[in-house]
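Enquirer: here is my input, please return the structure:
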Amino acid sequence: MSFRTCKKIMTKALFLGAWMTFLVACGSDVKLNTETAVYTPEWRPLGVIAGPSIEAKPGETVTLGGRLVGTVTDETILWSQVDGPEVDVPDSEWTVPAFTFKAPEVEGVASLIFEITAIDGSGNVIYGEDDEPLSDQVEVVVFDPEAVLFFEVEDTSVATLVGGLSLVTESDPQFIMHASGGMHTADIEPGMSVRFELDFPMTRGEVTSQPGNYSLYVRYAIPSDYGGKEGRVTVNGVVMNTTFNATGGWEEYRVGVVAMEQGTNVIQVGGNWNYYRIDQIYLIPSAEAPTEPEPEPEPGAPTVYGPGTYDNFEPNTGDWHAQVSWGTVPGATLSTDWATSGLHSLAAPIDLSAHDSPSNVVLQAYPDEGLDVSGVDTISVNVAAANAGANVRVHMFTKHGENEVWAQNERVNLDDGVTLTLDVSGYDWVSGFGVVFEDFDPTSTDAIFYIDELSADTTVVYDFEPYTGGWEAQIGWAGTSGLTLSTEWSNTGERSLALYKDLVEHGSHGDIVLQTYPDGGIDVAGKSALTVFAYAEGAGASVDAHIFWKTDDDEAWPDAVAVTASGVELTIDVSGVDTLTGMGVRFNGVDPTSDAKFFIDTVRADGDLIYDFEGTGQWEFQVNWSPAEGLHLSTDWQADGNRSLAGTTVLEAGDDDIILQTYPEGGILLDGVSTLRVTAHAIDSGSSTQVMLWAKDGDGVWRDSGAVDLEAGGVELTLNISDWDAMEGFGVRFMGPDNTSSESTYFLDQVEFLE
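Expert: As a prediction, the model looks like this:
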């Protein structure tokens, strides 16, 4: 029995007039046993992968590793050395995935080439479809230490400090012990960098270094309380982005192989949002060629903002709005009081008594590009109301063509809820659609009108659930609705990813799957384990779950683990894998007669958080200018509406600079805007907390409002940006909190651009 995992298909708004995600069933590849569903891994072609090329000094211990990929039965590997000075390795070591040897003595630079080959159970070399052996090679460059080129940041003959960057010595508070030469840079702040100009050929002492390929290393340090930082190294105009971990001491980071050309070469370290310190760079001769840089992706078009609300952290109702007697009224929102699948529906709470003889209530949408219904037979929607009287009738409508010809179904009694269906088989496109409520009690002061799950045939167009970050749900390996963000259970923060589903309608079924296949994949290079927490409620007493991952060439499905009453942590090995095309969690042993809930939360690669499902978009929370967990949407305080953005943390001695910030992809273009305004607040942060609003213009130049004391109930902050036409990002900075062992929470709400 085999299953194929369905992926989401991104397409231009069938039904939305914007890019929208749809779930598509897998078709004939889905096979179910009505008693059990057993996964049989898909057969994959056999292949072999060697590890990355490395540099070593004579006498240094070198470990090479490789592995088989694809479907493996009794196949194994065989190592051999194909070039360079011979190394001393016992015969038994050549048949293990990883083996160790001492780098030989060399003069200058020598290249050692090793090959790993797949062999069958009889010891014969395995050939691929191209009649070539299944093999891969790895290079070890052994170099004379005298050939290494070191360049200190304080050496003014090659190094220039840019953007006001300064050097520190042992007497400075920023100095970190054991710096080469007794000096290093202070924190490289935004706009600062070290620029090295290196002329080749280069003679140092008795050694002349020629133009060619070199491995570039940066010696850096980040205090352990800063957290890891994104770095930037630019070599002859080519940008190489890096990640520097906070280790508290000096570390050597291998940037990669670079080409030093005849004449002047420029290596620049810094230039973006950094906060690390540099001691030196060095170059080691390499026989390996530089990796061809991947083409830069086309930059996303920046969003243009005029005066108005940037973010109020309230649920987004998209194209939908409410009307009374065909006049638009405020108040349309997402509600958890009633839903047919998932947790949320579109709701319009309306005081009908405040309107003069209201004739109808309408929930409708007019997407920018209309609705493509070519090949669609029917549109349907689920409808309900509360506190609106006993005789409510409803009907559905669409508008079609340039003259907006009305197409509607018959009025039906609402009762406890109803599904409305409308024939659109004669149309290719409609401009708008909605639901009309009539014959309600016009004296009601607290009527609420709901719609949920508008579908075109069987494809859900609007489910009114929060954006789930590219995740999808499946039942029996076929796409299903009901995926949402929930506050009923979480491992960290306040929310998790959840599937709410009445399984009775599905009868006997296979696995329940929550999975993602993000564009560009998931980077796990250098990581050892991927973890996620899982939980199920109302799904029976025998539920277990396992985590899985897939790449273009391989997949992994470890054994399932029983789901406990409080949830279970699932772990899978990702060592040796650089990029995952997808991952997910599969629940087994589910009671198909239950109204069940399935949850996952806190996906990590080693200690790095990948998904937390808090629904906070491109906003980030930092402590001491380092990313921190605890960002969420909160109902504990708000300047307006029902929600605000919040970060909760337990501060330790010395902690300061608590940040809520955003750097939208593509940046922000400003049109007719003179002022940025926000409202900020904090709870349990002490009486001495101050706060400022800051922003960076299109060139990354900082500007702030100045620090002010927090006031009871929150403080409004403004920043003059009348001379700007673009922004990289902005945020709020809290300073001077009490550092206690108890939690404190920091809030942001009502972000607005003003004329």
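Enquirer: contacts, neighbours, all on C-alpha from now
Expert: Will do.
Enquirer: what number of residues are in the vicinity of S742?
Expert: Around S742 there are 12 other residues, counting by other Cα atoms under 10 Å.
Enquirer: let me fix that: Y663
Expert: For Y663, the count of nearby residues is 17 (other Cα under 10 Å).
Enquirer: I'd say it and W619 touch.
Expert: Yes: at 7.5 Å, Y663 and W619 qualify as touching, with contact defined as Cα atoms under 8 Å.
Enquirer: list the contacts for V258?
Expert: Applying Cα atoms under 8 Å, 6 or more residues apart in numbering, one finds that V258 lies in contact with N213, Y214, S215, L216, V235, A289, P290.
Enquirer: which among those gets closest to D749?
Expert: Distance from D749 was checked for each of the contacts of V258 by Cα to Cα. The minimum falls on V235, at 41.7 Å.
Enquirer: for the nearest residue to the closest one once chain neighbours are set aside, list each beta-bridge partner.
Expert: Counting by Cα to Cα, 6 or more residues apart in numbering, I267 is the residue found nearest to V235 once chain neighbours are left out, at 4.6 Å. With DSSP bridges applied, I267 shows beta-bridge pairing to F196, V235.
Enquirer: I267 and S444: what is the separation?
Expert: To S444, I267 is 72 Å away according to Cα to Cα, to the nearest Å.
Enquirer: among the two, which residue is more densely surrounded?
Expert: Set side by side, I267 and S444 show more neighbours around I267, with 22 against 16, by other Cα under 10 Å.
Enquirer: quick check: that one touching F196?
Expert: Yes: counting by Cα under 8 Å, F196 is a contact partner of I267 at 5.1 Å.
Enquirer: if we can go back for a sec, and the furthest pair within the contacts of V258?
Expert: Across those, no pair lies farther apart than V235 and A289, at 14.5 Å, counting by Cα to Cα.
Enquirer: more neighbours: which of those two?
Expert: Comparing V235 with A289 by neighbour count (other Cα under 10 Å), the higher total belongs to V235, at 19 against 14.
Enquirer: if we can go back for a sec, turn the contacts of V258 into a markdown table, columns for secondary structure, distance to R204 and pLDDT.
Expert: Converted to a markdown table, the contacts of V258 look like this (DSSP: H, G, I helix; E, B strand; the rest coil; distance: Cα to Cα, whole Å; pLDDT from 0 to 100):
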| residue | secondary structure | distance to R204 | pLDDT |
| --- | --- | --- | --- |
| N213 | strand | 18 | 89 |
| Y214 | strand | 16 | 90 |
| S215 | strand | 18 | 87 |
| L216 | strand | 18 | 93 |
| V235 | strand | 21 | 94 |
| A289 | coil | 24 | 79 |
| P290 | coil | 24 | 85 |
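Enquirer: drop anything exposed from these.
Expert: N213, Y214, S215, L216, V235 (16 or more other Cα atoms under 10 Å).
Enquirer: from these, which is closest to A118?
Expert: Sorting the buried ones among the contacts of V258 by distance to A118 puts S215 at the head of the list, at 29.9 Å, by Cα to Cα.
Enquirer: may I have the beta-bridge partners of the closest one?
Expert: Per DSSP bridges, residues listed as beta-bridge partners of S215: V257, I284.
Enquirer: my read: it touches V255, true?
Expert: Yes: in terms of Cα under 8 Å, S215 counts as a neighbour of V255; the distance is 7.4 Å.
Enquirer: give me the number of residues near T579?
Expert: Neighbour count of T579, defined by other Cα under 10 Å: 16.
Enquirer: what residues does it make contact with?
Expert: So T579 contacts G521, I522, D523, V524, A525, T551 (Cα under 8 Å, 6+ apart).
Enquirer: quick one, what contacts the last one?
Expert: Counting by Cα under 8 Å, 6+ apart, T551 touches T579, L580, T581, G582.
Enquirer: before we move on, what about the fourth one?
Expert: If a contact means Cα under 8 Å, 6+ apart, then V524 has V574, V577, D578, T579, L580, A605 as its contacts.
Enquirer: so, if you compare the residues you listed, which one comes nearest to W702?
Expert: Nearest to W702 among the contacts of V524 is A605, at 32.7 Å by Cα to Cα.
Enquirer: so what's the closest one bridging to?
Expert: On DSSP bridges, the residues paired with A605 through beta bridges are L530, D608.
Enquirer: next, work out how far apart the residue of the chain most remote from its centre and E107 are.
Expert: Relative to the C-alpha centroid of the chain, counting by Cα atoms, centre = their mean, E206 is the outermost residue, at 50.9 Å. Spatial separation of E206 from E107 under the definition Cα to Cα is 14 Å.
Enquirer: how is the protein partitioned into domains?
Expert: For the chain, the domain assignment from automatic domain parsing gives the residue ranges 47-142, 148-285, 320-462, 467-611, 619-754.
Enquirer: need those domains in TSV with distance to Y305, can you?
Expert: Formatted as TSV, the entries for the domains of the chain read as follows, by distance: least, Cα to Cα, whole Å:
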stretch	distance to Y305
domain 47-142	46
domain 148-285	24
domain 320-462	18
domain 467-611	22
domain 619-754	5
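Enquirer: so V207 touches L149, yeah?
Expert: No: in terms of Cα under 8 Å, V207 does not count as a neighbour of L149; the distance is 9.9 Å.
Enquirer: pick out whichever of these two has more residues nearby.
Expert: Neighbours around V207 and L149, counted as other Cα under 10 Å, are more numerous at L149. The numbers are 18 against 13.
Enquirer: who's in contact with that one?
Expert: Contacts for L149 were tallied using Cα under 8 Å, 6+ apart; they are Y282, L283, I284.
Enquirer: can you tell me which of those is nearest A348?
Expert: Y282 (64.4 Å).
Enquirer: with adjacent residues omitted, what lies nearest to that closest one?
Expert: When the adjacent residues along the chain are set aside, Y282 lies closest to F150, with 4.3 Å between them (Cα to Cα, 6+ apart).
Enquirer: run a quick neighbour tally on the one you found.
Expert: Other residues within reach of F150 by the criterion other Cα under 10 Å amount to 11.
Enquirer: re earlier: G306 is nearest to which of the domains of the chain?
Expert: Across these, closest to G306 is domain 619-754 (Cα to Cα), at 4.7 Å.
Enquirer: tell me the mean pLDDT over that closest one?
Expert: The average of the pLDDT scores along domain 619-754 is 92.
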